[in-house]
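*Asks:* My questions are about this predicted structure, shown below with the sequence.
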There are 2 protein chains.
Amino acid sequence: MAGTELTPQDLRLLLAVAETGSFTAAAEKLGLTQSAVSHAVGSAERRIGVVLFDRGRRGARPTAAGERAVVHARQILRQYEVLVTESRDAAAGTVTGTVRIAAFRSAAAYLLPPALENLAARFPGVVPKVLIVPELGRGTAGEVADGRADVGIATLAEDEEPLPGLSAVELLREQYFLVRPKGRTDVTSLPLIDWAENCSSYTRAWWTCQDWLPATRIDVADDGVVLSMVAKGIGFAVLPELTLTDPHPGVDVVPLDGEPPTRRLVLITTPATARSRAVRELVRNLREFR
Amino acid sequence: MAGTELTPQDLRLLLAVAETGSFTAAAEKLGLTQSAVSHAVGSAERRIGVVLFDRGRRGARPTAAGERAVVHARQILRQYEVLVTESRDAAAGTVTGTVRIAAFRSAAAYLLPPALENLAARFPGVVPKVLIVPELGRGTAGEVADGRADVGIATLAEDEEPLPGLSAVELLREQYFLVRPKGRTDVTSLPLIDWAENCSSYTRAWWTCQDWLPATRIDVADDGVVLSMVAKGIGFAVLPELTLTDPHPGVDVVPLDGEPPTRRLVLITTPATARSRAVRELVRNLREFR
DNA sequence: CGCTTCCATGAAAGCTGCTCATGGAAGCCG
DNA sequence: CGGCTTCCATGAGCAGCTTTCATGGAAGCG
């Protein structure tokens, strides 16, 4: 395509190829010919002087260079959208556009609904899209960094810094509580039911100050399952406040001794969209309704 | 241009028109015809459904919508560059690219040189471009927000928050000092020589705690001029540490009584580029050499 | 009023991105 | 081992978009 640079269409192509893993599938997805994709990708590679995909029998996989290109492609395409909606808004004096929110399950369940309701009431033109992501690996911050979301609700340990270049605003700071089967006051002999998202670094410091460690540790994927297992007397758990918002019969929630561990919930944003009215309003809402 | 969206060429055009203030000048700047610009801008406006420029006898001025479009256009074009250089770097295992740094004068004079020297030694492929901006209005942060710089060195009062969506990392925290003509111990009767960039909100709180106020106030544009005026005995000044780095004959620098005012120097970055190796290294250098 | 300096517009040229048609390579399998 | 399938590459040709060329109109300035 044009001269020496990549057009938005090129970017969409790269993205489609990366996401489908094949030129043919990408072409189909965009309503084009496989030939068109092949020509375009080849031309793009020639123009920037780098191979973006390894073609093999099983399709096409991005090279290291391709991975980088794809991340930027997503962000550029998003910013094109923002350009258009913000320009229209500026002319019409309205607030519209979509806001893609990445949140982990419990945040989406307890924090988002009131904020989104209020947002919808005041800015009917704004369409929020919620993306539920497990807070593992790079978690929600990764979604924002890779251009798949505009705003992320992430957890951060007290001393942790956000990924470079992402701006974090503290939403709230929450404590961990001891959750034990109802009536069971001594849990030292019970297994600890841990939960994959519950990044253990948050509680590790606290454990090192205790004079006992749990006998066994059971790992579970979902925090709801953790709670019902505790209710059945299978073990005890250490969970943050947010996952304990609903009343849970069959368990006692008690504060932890000493210096209880805490974690911060932060709002991750990217500059590209953070200045848009819709995102700013969402952030304001979330901070109000915490 | 193409279908329903703006190509990078369209963006370059918008930018050129906004910067030159005329279709004709923009065309010349890009080596095109005035006709091409007119057709392209018209077509872009039709596609996004908004008038971007007010055309008059004196040329073209961006509308509110146009202003927004231009800001995003700068950022999108920059991110295209970053896409290309990062992809090439990923393939070749190098670190290249330009980093545009916005700094106010004294930061550029005292903070930047050692950091840039070190950066150049370790990453010869990285080309820093320094943009000196008065820290007035939105200051260096505005340069970053509008896509004219990748990194900004800005000042922030203790309780101040950075612009929404920009991420700020604290570089250092510096005190204000009293600067008076050599030997002159009582300055209460002298005029205060103030300096436009010296955002008075930083020192206002301190003044309200004092039991005297300066007789007169003289406003000067440059901090160097402030110092030489003090040296001539014309008045006294209250200046932050950074502007006092060099020895200044003819003045005494003494700490302020009570709770002296401070300001923070922060590094402002945008996600688009902050993850690039070059920017991260620059940030590391600046924090080391503070 | 003529002159200059802006921008707009219609028609034609040139380039580019797409499709069509085809070929090649590599795995799978009876 | 040929046939089949499933990938991607390539060359030729067409359609459409971007740009130019050649004008025209509108408004400020002497």
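*Replies:* All right, it came through fine. Numbers count the residues shown, from 1 in each chain, chains lettered A, B, ... in the order given.
*Asks:* what does the stretch 51-200 of chain A have sitting close to chain B?
*Replies:* With Cβ under 8 Å from any Cβ of the partner chain as the criterion, the stretch 51-200 of chain A comes near chain B at residues A:51-52, A:63-69, A:72-73, A:75-76, A:79-80, A:82-84, A:86-91, A:144-145, A:162-168. Quick note: C-beta positions are derived from backbone N, CA and C, even for glycine.
*Asks:* Buried only: go through these for me.
*Replies:* The neighbour-count criterion (16 or more other Cβ atoms under 10 Å in any protein chain shown) marks A:51-52, A:63, A:65-69, A:72-73, A:75-76, A:79-80, A:82-84, A:86-91, A:144-145, A:162-168 among these as buried.
*Asks:* Among those, which ones are in helices?
*Replies:* Mapping these onto helices (DSSP state H) picks out A:65-69, A:72-73, A:75-76, A:79-80, A:82-84, A:86-91, A:144-145.
*Asks:* and the residue of the stretch 101-250 of chain A found nearest DNA strand D, what are its phi and psi?
*Replies:* Among the residues of the stretch 101-250 of chain A, residue A:146 lies closest to DNA strand D, at 22.2 Å counting by Cβ to the nearest atom of the strand. Torsion angles at residue A:146 (phi, psi; degrees, to the nearest 10) stand at phi -90, psi 0.
*Asks:* How about it: what's its closest non-neighbour residue?
*Replies:* The shortest distance from residue A:146 to any non-neighbouring residue, by Cβ to Cβ, 6 or more residues apart in numbering or on different chains, is to residue A:71 (5.2 Å).
*Asks:* measure that neighbour to residue A:145 for me?
*Replies:* Between residue A:71 and residue A:145 the distance is 8 Å, computed by Cβ to Cβ, to the nearest Å.
*Asks:* so what's the residue nearest to residue A:146 up against?
*Replies:* A:145, A:146, A:147 (Cβ atoms under 8 Å, 6 or more residues apart in numbering or on different chains).
*Asks:* now, among those residues, which is nearest to residue A:122?
*Replies:* Nearest to residue A:122 among the contacts of residue A:71: residue A:147, at 27.1 Å, using Cβ to Cβ.
*Asks:* in a strand, that's where that closest one is, yeah?
*Replies:* No: applying DSSP: H, G, I helix; E, B strand; the rest coil, one finds residue A:147 to be coil, outside a strand.
*Asks:* Count the neighbours of it for me.
*Replies:* 23 (other Cβ atoms under 10 Å in any protein chain shown).
*Asks:* per-residue pLDDT, the closest residue to it other than its chain neighbours?
*Replies:* Once flanking residues are discounted, residue A:147 sits nearest to residue A:74: 3.3 Å by Cβ to Cβ, 6+ apart. We note a pLDDT of 96 for residue A:74 in this prediction.
*Asks:* my read: residue A:74 touches residue A:145, true?
*Replies:* No: with contact defined as Cβ atoms under 8 Å, residue A:74 does not count as touching residue A:145 (10.2 Å).
*Asks:* Now the common contact residues for these two.
*Replies:* With contacts taken as Cβ under 8 Å, 6+ apart, not a single residue reaches both residue A:74 and residue A:145.
*Asks:* What ranges does chain A have for its strands?
*Replies:* Under the criterion DSSP state E, chain A contains strands at A:53-56, A:59-62, A:97-103, A:126-132, A:151-156, A:167-181, A:192-195, A:217-220, A:237-240, A:251-255, A:262-269.
*Asks:* for residue A:6, what are its contacts?
*Replies:* With Cβ under 8 Å, 6+ apart, residue A:6 has these contacts: A:44, A:47, A:48, B:8, B:80, B:83, B:84.
*Asks:* rerun that using 7 Å as the cut-off
*Replies:* The contact partners of residue A:6, by Cβ atoms under 7 Å, 6 or more residues apart in numbering or on different chains, come to A:44, B:80.
*Asks:* Against residue A:285, how distant is it?
*Replies:* According to Cβ to Cβ, residue A:6 and residue A:285 sit 37 Å apart.
*Asks:* Give me the nearest residue to the spatially most central residue of chain A, chain neighbours excluded.
*Replies:* Nearest to the mean C-alpha position of chain A, by Cα atoms, centre = their mean, lies residue A:140 at 1.9 Å. Closest residue to residue A:140 apart from its sequence neighbours, by Cβ to Cβ, 6+ apart: residue A:152 at 3.6 Å.
*Asks:* Contact residues of chain A facing DNA strand C?
*Replies:* Contacts of chain A with DNA strand C, taken as Cβ under 7 Å from any atom of the strand, map to A:1-3, A:7, A:9, A:27, A:31-33, A:35-36, A:39-40, A:43, A:57.
*Asks:* what two of those residues are the furthest from one another?
*Replies:* Largest separation among the residues of chain A next to DNA strand C by Cβ to Cβ: A:3 and A:57, giving 33.9 Å.
*Asks:* of these two, who's got more company?
*Replies:* Taking neighbours as other Cβ under 10 Å, residue A:3 and residue A:57 compare with residue A:3 leading, 8 against 4.
*Asks:* Tell me the predicted confidence for that one.
*Replies:* Looking at residue A:3, its pLDDT is 55.
*Asks:* just residue A:117 next, same as before
*Replies:* 92.
*Asks:* Check residue A:259 too.
*Replies:* At residue A:259, pLDDT is 83.
*Asks:* nearest spatial neighbour of residue A:88, skipping sequence neighbours?
*Replies:* Computed as Cβ to Cβ, 6+ apart, the closest residue to residue A:88 that is not its neighbour in sequence is residue B:50, at 5.4 Å.
*Asks:* just checking, the one you found touches residue A:91?
*Replies:* Yes: counting by Cβ atoms under 7 Å, residue B:50 touches residue A:91, with 4.6 Å between them.
*Asks:* distance of residue A:28 from residue A:144?
*Replies:* For residue A:28, the distance to residue A:144 - Cβ to Cβ - is 29 Å.
*Asks:* Kindly report the same for residue A:209.
*Replies:* For residue A:209, the distance to residue A:144 (Cβ to Cβ) stands at 34 Å.
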